[in-house]
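Peer 1: Here's my sequence, what's the structure:
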Amino acid sequence: MESLNHDIAPTKYWHTLDDGRVQCDLCPRACKMHAGQRGLCFVRANQDGAVVSTTYGRSSGYCIDPVEKKPLNHFLPGSPILSFGTAGCNLACKFCQNWDISKSRETHTLTDRAMPDAIARAAKELNCRSVAYTYNDPVIFHEYAIDTAQACKALGIKSVAVTAGYICEKPREEFFSHMDAANVDLKAFTEDFYYKITGAHLQPILETLEYIKKETSVWLELTTLLIPGKNDSDKELNEMTQWVVEHLGSDVPMHFTAFHPEWKMMDIGSTPQSTLTRAREIALKNGVHHAYTGNVHDKSGESTYCSSCHNILIGRDWYVLSDWNLDEHGRCQYCQHPLAGVIEDKPGTWGSRRQRVNIGDYARSVV
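Peer 2: Here you go, the predicted structure:
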């Protein structure tokens, strides 16, 4: 894609209304904008009668993370992943853990600039197996993420979307056709929670999940941040995990992670570890083969077990791998049952490091 002037880039999912406004058709919000207005995400705007992206090629920063931090436990375990995001978001979660990025209305937070080819080159030279579009939702930097994914693919680098999945049908098809893996936030399993706490709706998320699982080859994992008294009841966890097994299958991993007071929900305490353990037990009871706890130190809840013989396959302590009981074909060494996922013959050795990257060092061809 050729940017119009540095950060401004054209988009294609929009149409003009009879009253002269333009409607963004990227996500179910369908923001309708007069000239000069921006959508709720703050990234997409009406410029001269067309919807443009205003953050193309700019990021709040680039870091190498362990892939398990996304979290992805069944996608190239132990490998480093180059991660970046932009600013803004198309949800309005009151509990956002990255609110300084996702709720930003100041483009000066986007201090790093890089075109897709520079990001791909950086990932290659830094020995990253994949690039993650994360920190804020890549749905809103749709064009930038897709162009980067294409540049990465040309160099043998895989692409990972960390997203809430709030996207319309056509852009969803295009977006996920360029992704190799996705971790989707299934934030709750009630419309009431989605509407009151995230400003969105549940059904489009479920449609995205079913699309990814049934219509693509994208490796899928789910994450639910459990907030005390909001989305952590046995009833809701039962309904959620039963839906996952019925509609997505038993092999889709589920991550139950701990909430810590943040943004507009400072009045709620952190999630007890017992809640995460209870959620994991409910998921396993309902047929989920791989359920994990996160944001807490819980080696048993972080590790991967064979769904057939129940022996440990991959041991984890935070993001550091320990046990590795898989053969060169990704099968259990004890019973030969295959482990679902994108598993290589040997684990990566990146560990728990987080390394900041100066992307400008790899921007030789950027003008």
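
Peer 1: which residues touch Leu276?
Peer 2: Going by Cβ atoms under 8 Å, 6 or more residues apart in numbering, Leu276 touches Leu226, Phe256, Thr257, Ala258, Thr293, Gly294, Val296, Asp298, Gly301. In short, each C-beta sits where N, CA and C put it, glycine included.

Peer 1: and with 6 Å instead?
Peer 2: Each residue near Leu276 by Cβ atoms under 6 Å, 6 or more residues apart in numbering is listed here: Phe256, Thr293.

Peer 1: any idea which element it lies in?
Peer 2: helix 273-285 (DSSP states H and E).

Peer 1: ok, the following helix or strand past that helix: who's next to it in the sheet?
Peer 2: Sequence-wise, the next helix or strand downstream of helix 273-285 (DSSP H and E) is strand 291-294. Each strand paired with strand 291-294, and its direction, by DSSP bridges: strand 254-258 (parallel).

Peer 1: Alpha carbons of the strand it pairs with, as PDB, please.
Peer 2: The C-alpha coordinates for strand 254-258 follow below in PDB (Å, rounded to 0.1, in the frame of the first residue of the first chain):
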ATOM      1  CA  MET A 254      -8.400 -21.700  26.600                       C
ATOM      2  CA  HIS A 255      -6.500 -19.300  28.800                       C
ATOM      3  CA  PHE A 256      -8.100 -18.000  32.000                       C
ATOM      4  CA  THR A 257      -6.100 -15.000  33.200                       C
ATOM      5  CA  ALA A 258      -6.100 -12.900  36.400                       C
END
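
Peer 1: which residues touch it?
Peer 2: 71, 222-226, 271, 276, 279-280, 283, 288, 291-296.

Peer 1: and if we set it to 7 Å?
Peer 2: Contacting residues not belonging to strand 254-258 are listed as 71, 221-226, 241, 244, 270-271, 276, 279-280, 283, 288, 291-296 [Cβ atoms under 7 Å, 6 or more residues apart in numbering].

Peer 1: In the helix holding Leu276, which residues are buried?
Peer 2: Neighbour counts over helix 273-285 (16 or more other Cβ atoms under 10 Å) mark Thr275, Leu276, Thr277, Arg278, Ala279, Arg280, Ile282, Ala283, Leu284 as buried.

Peer 1: Kindly reformat those residues as JSON lines and extend each row with distance to Met115 and pLDDT.
Peer 2: Listed next are these as JSON lines, based on distance: Cβ to Cβ, whole Å; pLDDT from 0 to 100:
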{"residue": "Thr275", "distance to Met115": "44", "pLDDT": "98"}
{"residue": "Leu276", "distance to Met115": "40", "pLDDT": "98"}
{"residue": "Thr277", "distance to Met115": "45", "pLDDT": "98"}
{"residue": "Arg278", "distance to Met115": "46", "pLDDT": "98"}
{"residue": "Ala279", "distance to Met115": "41", "pLDDT": "98"}
{"residue": "Arg280", "distance to Met115": "42", "pLDDT": "98"}
{"residue": "Ile282", "distance to Met115": "45", "pLDDT": "98"}
{"residue": "Ala283", "distance to Met115": "41", "pLDDT": "98"}
{"residue": "Leu284", "distance to Met115": "45", "pLDDT": "98"}
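
Peer 1: mind putting these in TSV, distance to Thr134 included?
Peer 2: Shown next, in TSV, are the buried residues of helix 273-285 (distance: Cβ to Cβ, whole Å):
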residue	distance to Thr134
Thr275	25
Leu276	22
Thr277	26
Arg278	28
Ala279	23
Arg280	24
Ile282	27
Ala283	24
Leu284	27
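
Peer 1: now the angle between strand 254-258 and the helix holding Leu276, please.
Peer 2: Angle of helix 273-285 versus strand 254-258, following axes from the mean of the first three to the mean of the last three Cα atoms, to 10 degrees, is 170 degrees.

Peer 1: May I have helix 273-285 as PDB, with CA atoms only?
Peer 2: Taking C-alpha atoms only, helix 273-285 is exported to PDB below (Å, rounded to 0.1, in the frame of the first residue of the first chain):
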ATOM      1  CA  GLN A 273      -5.800 -17.900  42.000                       C
ATOM      2  CA  SER A 274      -8.500 -20.200  43.200                       C
ATOM      3  CA  THR A 275     -10.900 -18.600  40.700                       C
ATOM      4  CA  LEU A 276      -8.500 -19.400  37.800                       C
ATOM      5  CA  THR A 277      -8.100 -23.000  39.000                       C
ATOM      6  CA  ARG A 278     -11.800 -23.400  39.300                       C
ATOM      7  CA  ALA A 279     -12.300 -22.100  35.700                       C
ATOM      8  CA  ARG A 280      -9.600 -24.400  34.400                       C
ATOM      9  CA  GLU A 281     -11.300 -27.400  36.200                       C
ATOM     10  CA  ILE A 282     -14.700 -26.500  34.700                       C
ATOM     11  CA  ALA A 283     -13.200 -26.300  31.200                       C
ATOM     12  CA  LEU A 284     -11.500 -29.600  31.600                       C
ATOM     13  CA  LYS A 285     -14.700 -31.200  33.000                       C
END
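
Peer 1: about what we covered before: kindly supply the PyMOL command isolating those of the contacts of strand 254-258 that are buried.
Peer 2: To isolate in PyMOL the members of these that are buried, counting by 16+ other Cβ under 10 Å, one can use:
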select buried, resi 71+221+222+223+224+225+226+241+244+271+276+279+280+283+288+291+292+293+294+295+296
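
Peer 1: circling back: right, and out of the buried residues of helix 273-285, which lies closest to Ala200?
Peer 2: The closest of these to Ala200 turns out to be Ala279 (Cβ to Cβ; 21.8 Å).

Peer 1: and the closest one, how far is that from Leu237?
Peer 2: 5 Å (Cβ to Cβ, to the nearest Å).
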